[in-house]
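> predicted model and sequence follow; I will ask about them next.
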2 protein chains.
Amino acid sequence: MTDLTETVRSLVTNKRFATIRDLFATMNAADIAPILSEQKESDLPLLFRLLSTETAAETFVEMNPEEQEMLIRSFSDTELKAVLDELYLDDAVDIIEEMPGILVPRILKAADPDSRKLINELLQYPDDSAGSIMTPEFVSLSPQETVEQAIEEIRKTGQDKETINICYVARADHTLIGSVTIRRILLSDPEDRIGDICDTNTVSCQTTDDQEEVAQLLSKYDLIAIPVVDNEKRIVGIVTIDDAVDVLSEENTEDIQKMAAITPSDRPYLETPVTNLFLHRIPWLLLLMLTSTMTELIINMFTDKMNVFGALAGAMLIACIPMLMDTGGNAGGQSSATVIRGISLGEIEFSDFFQVIGKELSVAAMSGTALGLLNFIKMLVVNAVLYHYEGEELHIYLIASLTISITILLTILVAKFSGSMLPMVAKKIGFDPAVMAAPFITTMIDVASLLLLYAMANVILLRII
Amino acid sequence: MTDLTETVRSLVTNKRFATIRDLFATMNAADIAPILSEQKESDLPLLFRLLSTETAAETFVEMNPEEQEMLIRSFSDTELKAVLDELYLDDAVDIIEEMPGILVPRILKAADPDSRKLINELLQYPDDSAGSIMTPEFVSLSPQETVEQAIEEIRKTGQDKETINICYVARADHTLIGSVTIRRILLSDPEDRIGDICDTNTVSCQTTDDQEEVAQLLSKYDLIAIPVVDNEKRIVGIVTIDDAVDVLSEENTEDIQKMAAITPSDRPYLETPVTNLFLHRIPWLLLLMLTSTMTELIINMFTDKMNVFGALAGAMLIACIPMLMDTGGNAGGQSSATVIRGISLGEIEFSDFFQVIGKELSVAAMSGTALGLLNFIKMLVVNAVLYHYEGEELHIYLIASLTISITILLTILVAKFSGSMLPMVAKKIGFDPAVMAAPFITTMIDVASLLLLYAMANVILLRII
């Protein structure tokens, strides 16, 4: 990639535009766009004019909003119209949504009247809804048509459709009846009626459905497109698999960002300015720093009671705190990540609540026992190798070690319980499960583990010493 | 879903099999499979026989390996052959890979000789390679054919192809020349030669390419299928978008699992036994618990020096440790999650190393200054409201607060630096970036933050008090 970027740059310097044109003719839009992005801004309009109309439109879609805006400003009305005519309407709508208000009338004016009307309709749908990502450019057939007529119709109008691989069958009032693949059409007898060969078990979605749910439907049913219907079951558009793949990828990125305490953004990292990164991260860091100062208050309880626990046991309790917090955080993080991903994939629902909690508590009991035991053994080894405590001191050392080991078990039980329960409850009450994830749960588990350690120190340590 | 499961169960009890058949005829395989999974195992073969041959094969693909095995054992040879004939070869291979060795010869024997040969070839490709997920059932056209001949050929052979939406053009020795969409074929003049209308800039992949990279290619270029070629550039199969969507989803799940310190598994959560969950989680918890005991040794340095720091400052330093560790962990987690996701999406490469580190250090400087400052203000407020220190004590309190605030800034610098650098270095040296993530980096940051606090206490606190 870098090499080609340099090559194009030096070709521009030497004004070898014919060579650039020939080079671009052998390339895909997805590869041309990043090369253009790296060229001098003033060369961009010129370079763009070296692309064929179709490639120009495809490359335009791949560029980032700032570059698109700059290009639109530099286009003549004729050039703008040429690009718009080649764009699918859903892509045109995506681009218009990113443009400053002042450019929108000019873009709409350049579109032909039919497209303008459809674009205006699509712009009305709420963000992240099926309506906002669908395209009205699908093949619609009538059930009365014969296969021969359908093929004729597809040949005539197919050029402007986003896909002809699957065609939709609807009544005259646009009510969706079913779908039929181009394969089925081609393999059928020319005299067959479309209504007789179409599949009426077609999965569809509503204009108001969330885009992530729609993308999951395409994935679940292995579809290449899904019809979108309005309240009266009239088909108004389709969402194609390439858009669904983008939606799923964006939603995954958002989930990962939320789990890592970042306000989501769909801008590629390298193109995001530092201040923007800062603003998406600082609120969570601030909030979490303030909530984690609760732990300060609890640790003060330990230092205040140092003389009660005794120097040796007191120091041991304080020294184990980071290990305890980390272990609890990791155990809870495993549960929350598992459950949040399960919810995203539709594998886990609220009706599975007790099954999930049961599983997590079982895993917690097994992990907690193993880790508690191992910690106790480790402390025995450390004493044999390092400290060589004997008599009364050994007694205190063993009881303190036991206290810590039991606290590990209890912390893991609490950690896995809250790590699995909170995302499900969040989803149930209409919250985003991913926002509930790691950082919040970690802070909760920190507080819980310290309180458990304090309680165990009072119950076990003080009773037995 | 639950309702239908119950309905089918009671229909089985009342032997209303005709009704079940009619019900299933209106449904999609992806919806039938979960209902069958919830029925009594002994009823499964019977229920399966109520499905049409095509739906039966599709439903079979959607079931889990245990159910598939049980069904294969209950099938007659004729039934097994009927299902196998309907399966696409890539699905057949996926299923065979999950079956116990003893069943495989029977399955292969039931396949027709041509399929058997192809299945055996596909089984040779390494796991997670393009070869292992491709299907050899694609439409191959010759460049000399006319459009009319091509349509005739597709009509004759299209039934058994995984897709006819895109056809591949190859020489007689199978060397890939390009591709042509069914749309382009249908819209072209019947006399045109395929070689003249095909697109020769076709993106392809190698049989040995990693499946995730192949899926990313489909996503990047908005393809519905990608041709797979061998070393001699001969086309041997295609990977379709529905399989790519599954691969991307699995890889995302794996990334999230690794970031949460879980050994990846592609089994749905609710179907995974507790011991399995335990075994996938415990190694990491153990390892991380052991590494985090390093922090114990560092805290002992603090308690040993308590009398040097003085009671007030010493207690303040120890009390702030969890807040410091959490803040560092969160700041580092933000960076590592961002960079790991960027690497997965192909947005960040090793050549961007210095740009990424520069961005993260800038964000760290801004966040660290903001959080350090806020922490200092918070400690002033706490004193005004709660402690009312004066004179010498106020002096110590302020210096200790300053020490802690500066440590916050330094910790965030270290956290964001290691959080962004480690995943990139891991990727560079052939490690999995996601495994480097949160838990490891958190442990590292814990140690670093405690050492920084200790150093700052010695440099600032002891010098100034």
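Ah, there it is.
> helix, strand, or coil at residue A:125?
coil (DSSP: H, G, I helix; E, B strand; the rest coil).
> neighbours around it, how many?
19 (other Cβ atoms under 10 Å in any protein chain shown). (C-beta placed from N, C-alpha, C; glycine too.)
> show me what contacts it?
The contact partners of residue A:125, by Cβ atoms under 8 Å, 6 or more residues apart in numbering or on different chains, come to A:131, A:132, A:207, A:208.
> okay if I get the residues you listed as CSV plus pLDDT, secondary structure and neighbour count?
Listed next are those as CSV, based on pLDDT from 0 to 100; DSSP: H, G, I helix; E, B strand; the rest coil; neighbours: other Cβ atoms under 10 Å in any protein chain shown:
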residue, pLDDT, secondary structure, neighbour count
A:131, 91, helix, 25
A:132, 89, helix, 20
A:207, 94, coil, 19
A:208, 93, coil, 14
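> now, which of these sits nearest residue B:377?
Comparing the contacts of residue A:125 against residue B:377 with Cβ to Cβ places residue A:132 closest, at 43.2 Å.
> surely the closest one touches residue A:211?
Yes - using Cβ atoms under 8 Å, residue A:132 is in contact with residue A:211, at 7.1 Å.
> what's downstream of the one helix or strand residue A:371 maps to, the next helix or strand?
Counting by DSSP states H and E, the element that carries residue A:371 is helix A:353-382. Moving toward the C-terminus from helix A:353-382, the next helix or strand (DSSP H and E) is helix A:391-428.
> who are the packing partners of that next one?
helix A:311-319, helix A:321-344, helix A:353-382, helix A:438-456 (3 or more Cβ pairs under 8 Å, 6 or more residues apart in numbering or on different chains; DSSP states H and E).
> near chain B, which residues of the stretch 101-250 of chain A show up?
Contact residues (Cβ under 8 Å from any Cβ of the partner chain) of the stretch 101-250 of chain A with chain B: A:151, A:154-155, A:158-159, A:163-165, A:182-183, A:186-187, A:201, A:203, A:218-224, A:241-242, A:244-246, A:248-249.
> show me how chain A divides into domains.
Using automatic domain parsing, the domain ranges for chain A come out as A:2-124, A:140-242, A:293-464.
> which among those domains is found nearest to residue B:16?
Per Cβ to Cβ, nearest to residue B:16 of those: domain A:140-242, 20.9 Å.
> what about that closest one, start to end distance?
20 Å (Cα to Cα, to the nearest Å).
> farthest-apart pair in the contacts of residue A:125, please.
Spatial extent of these (Cβ to Cβ) is set by the pair A:132 and A:208 at 10.0 Å.
> quick check: neighbours shared by these two?
Common neighbours of residue A:132 and residue A:208 (Cβ under 8 Å, 6+ apart) are A:125, A:126.
> tell me which element residue A:168 falls in.
Counting by DSSP H and E, the element that carries residue A:168 is strand A:166-170.
> also residue A:239?
strand A:235-240.
> on contacts alone, who are the packing partners of the helix or strand just after that strand?
Next helix or strand after strand A:235-240 toward the C-terminus (DSSP H and E): helix A:241-259. Packed against helix A:241-259, as judged by 3+ Cβ pairs under 8 Å, 6+ apart, are the following elements: helix A:211-220, helix A:321-344, helix B:211-220, helix B:241-259, helix B:321-344.
> quick one: which of the ones you listed is nearest residue B:294?
With Cβ to Cβ, the closest approach to residue B:294 among these belongs to helix A:321-344: 8.8 Å.
> buried residues in the closest one?
A:321-344 (16 or more other Cβ atoms under 10 Å in any protein chain shown).
> ok, and of the residues you listed, which contact chain B?
Okay, of the buried residues of helix A:321-344 touching chain B (Cβ under 8 Å from any Cβ), that's A:321-323, A:325-327, A:329-331, A:333-334, A:336-342.
> tell me if stretch A:275-294 is near chain B.
Yes - residues of stretch A:275-294 are located near chain B by Cβ under 8 Å from any Cβ, namely A:275, A:277-278, A:281-282, A:284-286, A:288-290, A:292-293.
> give the contact list for residue A:302.
By Cβ under 8 Å, 6+ apart, the contact list for residue A:302 reads A:309, A:314, A:317, A:318, A:454, A:457.
> if we go to 10 Å?
Going by Cβ atoms under 10 Å, 6 or more residues apart in numbering or on different chains, residue A:302 touches A:309, A:314, A:317, A:318, A:321, A:450, A:453, A:454, A:457, B:315, B:318, B:319.
> for residue A:7, same thing?
Residue A:7 makes contact with A:19, A:20, A:23, A:35, according to Cβ under 10 Å, 6+ apart.
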